[in-house]
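Participant: For reference, the sequence and a predicted model appear below.
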Amino acid sequence: MFVFIVLLHLLSGGVFGQGDKNGDLPALSQDGGAYEQLIPEKWKQFSSQVGDMSWFEANLFPIGSPCKGPCEAGSRWVHVAAHAQALPILLTVSLQPLTDNGTCATMDPFICASFTSTNAAVALRLGTWEKTINDGCYVAGSFWKPDSSNSVFISTKLLGVKTSLLSSANVGLFLSFANGNAPFPGGCASTGSLYWNPMVAILDYTDVQTTIDYQQADFGSPITLNFPSHQSPNSCTCDVIESLADKTPSSVTYELFRLFVSNCGSDYYHSINERDILSGISRMSTVEGVKANGVKVDDTSITANRVKRKGIDSEPGQGVIYNVLVTDQFRAYLNPTMNIENFQSVYAPSHSYACSLVNDPHHSSCHNLRDWLYMIVCIALGCCGVYFGVLGHKFFFLTMFVLLWIVGGLFGFIIFKVAINETLHLDMYLGCAIGVGLAFSIIALLILKFFSLNGTIIIFEGAVAGGLVAAFALATPLGEFTALENEFNYGTAFACICLLFPVMLFVKSTLVSIVSSSLIGSYCTLYAIDFFVGSDFNDLVLNVVKRATVKQFAQSYTGNFFGDDFNGCSNFDANLGFLCAWVCVTGAFVAIQILLTGFDHPIPPLRKMGLLLWKTTESLGTNRQQSAPRNAVSRRLQGYRRINTIDRDTRAPTRHEIARMEKEMKEKEEAILVRHLQQQRINQRERMLNRHEQTMEKPWYSKYWHQPWRKGNGVSPLSHHHQHHQQQQHQQQSFQQQRPRDEQLEAIRRQREKEIQFRKKNRLQQQQAFLQQQQQQ
């Protein structure tokens, strides 16, 4: 009988069905199923169906022996984490074998605990402290008593969700433990159902921000100074030594890290891959993995007296994994020669897409993130960008109309987001913003035209371009300064950079218009392209909008445009490519506009211009002289002409316009003079022919009698002579009358020459005065 009991003990690994401590034979669950061996500090991944239960067992070495505090030998705590992409997991961890349905066999929370979540984690102490006020306060004479078993029993069950049709998923499982040197993550949990909570919990998420929280850690084992001589709970704390707070590092510190999945996609297509998220979680489950793969959210460590809850900027559809690295600074200070990782541990990581994978009605669905109205707006913005870059300066006021529409819509979007507390769909905000922008552009342009505020509208265009430059400058490492977390400091810096751009170029208004329209047009064009490609280029402006609409965005904002943690899945190659494209496209647009218009294509007065369309005189063709009478040509040739008849004398002409006008006036006067001289020659020739015919030589007898063939006509020679004399007198009188007329024409010609010289002199004086005024400005 004794031999039979010994054999039964060897086969079962001990009483009450516990498995063999050395793992030679697999332990059996109470329903007869075998526990699968789980290796500590090694990632375990398996496939599971909804409702299926999996059983695991892990051996922890060494368990240690009882000791009087302070002592650090042996394993002191263990935490197990189970992860799935979308479906929740029921995780149960116990220091005793589980029941047949995978639940705890005892109600003692120090022996067995369970939790349900997509990132479920449970932590247990591998022993107890005796003679303590509570678990976080120890007194003189307290000693550590390890648990009698060095095995941990685990069960996982994949649960379904009513709003999702998912029936299976891959599950990742990870177990870690440490001795007394490493801090105990979540060892002083103050909220929740668990006595010890090692999870980095995702409390809530929106389209722009994810809120995370984690519980207070505890020292792995109490330090001498944590053992007060009196039993006062006020003298005891979990993660700080009050008596050394001003002398040496006396607490544990927390560092928040995050990892973005490898492929985030674009606004048009979001990549949500289960393999990528589980692979990232496996890399973020150890101290070495967090330090090697994670990106620190804060530059400084979070000390014991700071709030552990934090809001972090997020983007729907971008998978992000969060974890916290906790360090025992006091033990690291006492042992400077030892590796710092001996005094560090990590929480159980959590992941989020800032959207729901199971169609949660309270959050955006990850399967319907493509917004068609936003896509149409992006395409329209890209078309406007091409127009700005090619014809933005030539059709200046149409450009201003569209630009006022865009800027007004942007401000309308911000106002509606701030004023309306309820979370509405993006389409409603966009629709309201489009309507507000259209009304704003019409009213603003009419006011600017009525008061002829040319300088204001030029500064506005330059300020919009300066806003893009400011958004880029504050998205670089310059924007990571702590001082810029203050809204006033950020707004002041943004405004200064906005106005610095037009002020630098205001030496010539044409230069401001060309460069500004080219810069704005290139950004709008690439913004539309980025919707389909996917980079952080559109976040340059969107971050400014988020900062204006989200209260805590300044505190949650991290990273920069050239880093690996800028607004989610940052792709340095794509960001650098879009930045280079922005510079190149801007240069190309500037060159195109100079070729089309030139720098001598000034901006006309607002009150003299049509509202939407105007053209230069060169664009009207060679028939421009025929479009108005001659008395208006000198006024119409001032450089610009719109479709309807408008007076342009208020603007000083340029030197090219003066030269062109002088050339045209000279050609006209020369043509008039040539026609006058030709008519004079024709008249003089006719007079000479008439005199020649009248003074032709007659026969000598014609003065005294009639010619033989004219005999009998009743005219005597004397009367014929008298008639001839009268004709000669009449010709002389007509010649004398013609002479003053020629002199009068000559006087008119000289008067016209004087007028031309006076006009030339007047125009040259106006040009010199205009050039002097520009030099003084």
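Facilitator: Perfect, thanks for sending it. Residues are numbered from 1 along each chain as shown.
Participant: For the rest of this, base every contact and every neighbour count on C-alpha atoms.
Facilitator: Fine.
Participant: tell me, what residue is most central in this protein?
Facilitator: Centroid-nearest residue in the chain, with CA atoms, centre = their mean: Asp539, separated by 2.1 Å.
Participant: Per-residue pLDDT of it, please?
Facilitator: In this prediction, Asp539 carries a pLDDT score of 83.
Participant: where in the stretch 401-550 of the chain is pLDDT low?
Facilitator: Within the stretch 401-550 of the chain, the segments meeting pLDDT under 70 span 421-423, 505-507.
Participant: Quick check: Gly180 touching Arg76?
Facilitator: Yes. Counting by CA atoms under 8 Å, Gly180 touches Arg76, with 5.9 Å between them.
Participant: So for the two, which residue has more residues nearby?
Facilitator: Arg76 (27 against 21; other CA atoms under 10 Å).
Participant: can you list the residues that contact stretch 278-295?
Facilitator: Identification of contacts with stretch 278-295 by CA atoms under 8 Å, 6 or more residues apart in numbering yields 41, 43, 83-85, 172, 174, 257-261, 321, 323, 325, 341, 344-351, 564-565.
Participant: what is the mean pLDDT for that stretch?
Facilitator: For stretch 278-295, the per-residue pLDDT averages 90.
Participant: Now it - C-alpha only, PDB.
Facilitator: Taking C-alpha atoms only, stretch 278-295 is exported to PDB below (Å, rounded to 0.1, in the frame of the first residue of the first chain):
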ATOM      1  CA  LEU A 278       0.900  40.800 -32.500                       C
ATOM      2  CA  SER A 279       4.500  41.000 -33.700                       C
ATOM      3  CA  GLY A 280       4.800  44.500 -32.200                       C
ATOM      4  CA  ILE A 281       3.300  43.400 -28.900                       C
ATOM      5  CA  SER A 282       5.800  40.600 -28.600                       C
ATOM      6  CA  ARG A 283       8.700  43.100 -29.100                       C
ATOM      7  CA  MET A 284       7.300  45.400 -26.500                       C
ATOM      8  CA  SER A 285       6.900  42.800 -23.700                       C
ATOM      9  CA  THR A 286      10.400  42.800 -22.300                       C
ATOM     10  CA  VAL A 287      12.700  45.500 -20.900                       C
ATOM     11  CA  GLU A 288      15.200  45.000 -23.700                       C
ATOM     12  CA  GLY A 289      12.400  45.100 -26.400                       C
ATOM     13  CA  VAL A 290      10.800  48.300 -25.100                       C
ATOM     14  CA  LYS A 291      14.200  50.100 -25.000                       C
ATOM     15  CA  ALA A 292      15.200  48.900 -28.400                       C
ATOM     16  CA  ASN A 293      11.900  49.300 -30.300                       C
ATOM     17  CA  GLY A 294       9.800  51.800 -28.400                       C
ATOM     18  CA  VAL A 295       9.800  55.500 -28.800                       C
END
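Participant: okay, and the common contacts of Gly180 and Arg76?
Facilitator: Joint contacts of Gly180 and Arg76 (CA under 8 Å, 6+ apart) are Gly220, Ser221.
Participant: Toward the C-terminus from the one helix or strand Glu288 maps to, list the very next helix or strand.
Facilitator: Using DSSP states H and E, Glu288 maps to helix 287-293. Using DSSP H and E, the helix or strand that follows helix 287-293 in sequence is strand 295-296.
Participant: And for stretch 543-555, what's in contact with it?
Facilitator: By CA under 8 Å, 6+ apart, stretch 543-555 touches Val208, Gln209, Gly311, Ile312, Asp313, Ile414, Lys417, Val418, Ala471, Glu485, Asn486, Glu487.
Participant: ok, now how distant is the first one from Glu662?
Facilitator: If I follow you right, that is Val208. As for Val208, its distance to Glu662 is 64 Å (criterion: CA to CA, to the nearest Å).
Participant: In PDB, could you pull the C-alpha coordinates for stretch 768-777?
Facilitator: In PDB, the C-alpha atoms belonging to stretch 768-777 read as follows (Å, rounded to 0.1, in the frame of the first residue of the first chain):
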ATOM      1  CA  GLN A 768      10.900 109.500 -62.200                       C
ATOM      2  CA  ALA A 769       8.600 110.500 -59.300                       C
ATOM      3  CA  PHE A 770       7.200 107.000 -59.100                       C
ATOM      4  CA  LEU A 771      10.700 105.400 -59.100                       C
ATOM      5  CA  GLN A 772      11.800 107.800 -56.400                       C
ATOM      6  CA  GLN A 773       8.800 107.000 -54.300                       C
ATOM      7  CA  GLN A 774       9.500 103.200 -54.600                       C
ATOM      8  CA  GLN A 775      13.200 103.800 -53.600                       C
ATOM      9  CA  GLN A 776      12.100 105.800 -50.500                       C
ATOM     10  CA  GLN A 777       9.700 103.000 -49.500                       C
END
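Participant: Begin at 25 from now on, thanks
Facilitator: That works, and once the first residue is 25, the last one we named lands at stretch 792-801.
Participant: can you give me the offset of that stretch from its chain's centre?
Facilitator: Averaged C-alpha coordinates place stretch 792-801 at 42 Å from its chain's average position (CA atoms, centre = their mean, to the nearest Å).
Participant: now stretch 122-129
Facilitator: 52 Å.
Participant: so which of the contacts of stretch 567-579 is the most crowded?
Facilitator: Going by other CA under 10 Å, Asp337 tops the contacts of stretch 567-579 with 25 neighbours.
Participant: Would you quantify the distance from the nearest residue to that one once chain neighbours are set aside to Ile439?
Facilitator: Spatial nearest neighbour of Asp337, excluding adjacent residues (CA to CA, 6 or more residues apart in numbering): Gln233 at 4.4 Å. Gln233 sits 19 Å away from Ile439, taking CA to CA as the criterion.
Participant: so where do the strands sit in the stretch 125-274 of the chain?
Facilitator: For the stretch 125-274 of the chain, strands defined by DSSP state E, counting those that start in this stretch occupy the ranges 136-141, 143-149, 151-158, 161-170, 175-182, 192-202, 208-212, 224-229, 233-238, 240-242.
Participant: burial of Gly490, as a residue count?
Facilitator: 26.
Participant: Spell out which residues sit in contact with it, please.
Facilitator: Per CA under 8 Å, 6+ apart, neighbours of Gly490: Ile521, Cys522, Leu523, Leu524, Phe525, Pro526.
Participant: Can you list the buried residues in the helix or strand hosting it?
Facilitator: Gly490 belongs to helix 478-497 when elements are defined using DSSP H and E. Buried residues in helix 478-497, defined by neighbour count with 16 or more other CA atoms under 10 Å: 478, 481-497.
Participant: Just checking, which helix or strand succeeds it along the chain?
Facilitator: helix 511-529.
Participant: by contact count, what packs against that following helix?
Facilitator: Packed against helix 511-529 by the contact rule (3 or more CA pairs under 8 Å, 6 or more residues apart in numbering; DSSP states H and E) you find helix 478-497, helix 533-557.
Participant: Distance to Ala144 added to the ones you listed, as CSV?
Facilitator: Shown next, in CSV, are the helices and strands packed on helix 511-529 (distance: least, CA to CA, whole Å):
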stretch, distance to Ala144
helix 478-497, 40
helix 533-557, 35
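Participant: right, and the ones you listed - which one's nearest Phe613?
Facilitator: helix 533-557 (5.3 Å; CA to CA).
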